[in-house]
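[1] structure, please.
(one chain, ligands or ions: 1)
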Amino acid sequence: MIVVEDLHKSFGDAYVLKGISTTFEKGKTNLIIGQSGSGKTVFLKSLLGLFIPDQGKIIYDGKPYFDMDDDEKIELRQKMGMVFQGSALFDSMTVEENVMFPLKMFSKKPMDEMRERADFVLKRVNLPDAHKKYPAEISGGMQKRVAIARAIVNKPKYLFCDEPNSGLDPNTAIIIDNLIHEITREYDITTIINTHDMNSVMEIGEKIVFLKNGVKEWEGTKDEIFKTDNEAVTNFVYSSELFKKVRQMYIEEKN
Ligand SMILES: Nc1ncnc2c1ncn2[C@@H]1O[C@H](COP(=O)(O)OP(=O)(O)OP(=O)(O)O)[C@@H](O)[C@H]1O
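    Numbering: from 1, shown residues only. Presented below is the predicted three-dimensional model:
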């Protein structure tokens, strides 16, 4: 679980995060949504320890980041998995080498154990036969699966995903969303996903945090987002005619 208390972050005169407080529970897919420039990436990078907040607390399973010594911060970093936008695989490495990379960086396990673990996670993301292929030889959806396998190979407690569906067709995007959701539950991970994809919100939004101009404007579940009267949320989420109709039908069905 990650608890955020009154988080502030500025860059010079640009006041980006203006006192965000929220909780991300483990075993759940937590989504951060909001317009371009609302502060989602700065928030995610702050949770990853890549930006140091000016004020506020981030508490990882009971331990505030600022109370950790250097060794504890290194240990925390090793418990974090990351799926970057566009997969960010190493082109010159095979799929198996990509997945083994964090193990080689952070563990002193013998080679055959590392291979075994890479094999296990590749099977878990339904890629049993791609070990010796290079990223350029597989599809975008498969690359995303490799990125997920690499992110979970070190058994992370926290999984951060930045726009995991960018560049994928809608069907593949839903498969990837569901894979992240299943893995989150199965391994009891605290997963936080930065997304623009409204399908993801409706499919896997167990907790949704809506940012507007660096402030948490709204938070709730995918069911609550259908019912909310918050105008900023409805204008953002239901900007298309299709989503407006879906919302109307949902409300009528529930009444
Ligand atoms: N390193 C930085 N230095 C200065 N300003 C920054 C830095 N990173 C982000 N910002 C500013 O913070 C604001 C929020 O940016 P951020 O990237 O978090 O938005 P976002 O919600 O993730 O947008 P998008 O959906 O387009 O990725 C922007 O005005 C941006 O210019």
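
[2] helix, strand, or coil at residue 6?
    Of the three states, residue 6 takes strand under DSSP: H, G, I helix; E, B strand; the rest coil.

[3] could I get the pLDDT score of it?
    Residue 6 carries a pLDDT value of 98.

[4] report the contact partners of it.
    Residues in contact with residue 6 (CB atoms under 8 Å, 6 or more residues apart in numbering) are 19-21, 55-57. For glycine as for every other residue, the C-beta is placed from the backbone atoms N, C-alpha and C.

[5] could you list which of these also contact the ligand?
    When CB under 6 Å from any ligand atom is applied, no member of the contacts of residue 6 is adjacent to the ligand.

[6] using TSV, lay out these together with secondary structure and pLDDT.
    Compiled in TSV, these are given as follows (DSSP: H, G, I helix; E, B strand; the rest coil; pLDDT from 0 to 100):
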residue	secondary structure	pLDDT
19	strand	97
20	strand	98
21	strand	98
55	strand	96
56	strand	97
57	strand	96
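
[7] drop anything exposed from those residues.
    For those, a neighbour count by 16 or more other CB atoms under 10 Å gives the buried set as 20, 56.

[8] tell me the one of the contacts of residue 6 nearest the ligand?
    Nearest to the ligand, judged by CB to the nearest ligand atom, of those is residue 20 at 11.7 Å.

[9] and the closest one, how far from residue 81?
    22 Å (CB to CB, to the nearest Å).

[10] tell me where the stretch 101-250 of the chain has strands.
    Secondary structure of the stretch 101-250 of the chain (DSSP state E, counting those that start in this stretch): strands at 158-162, 190-194, 207-212, 215-220.
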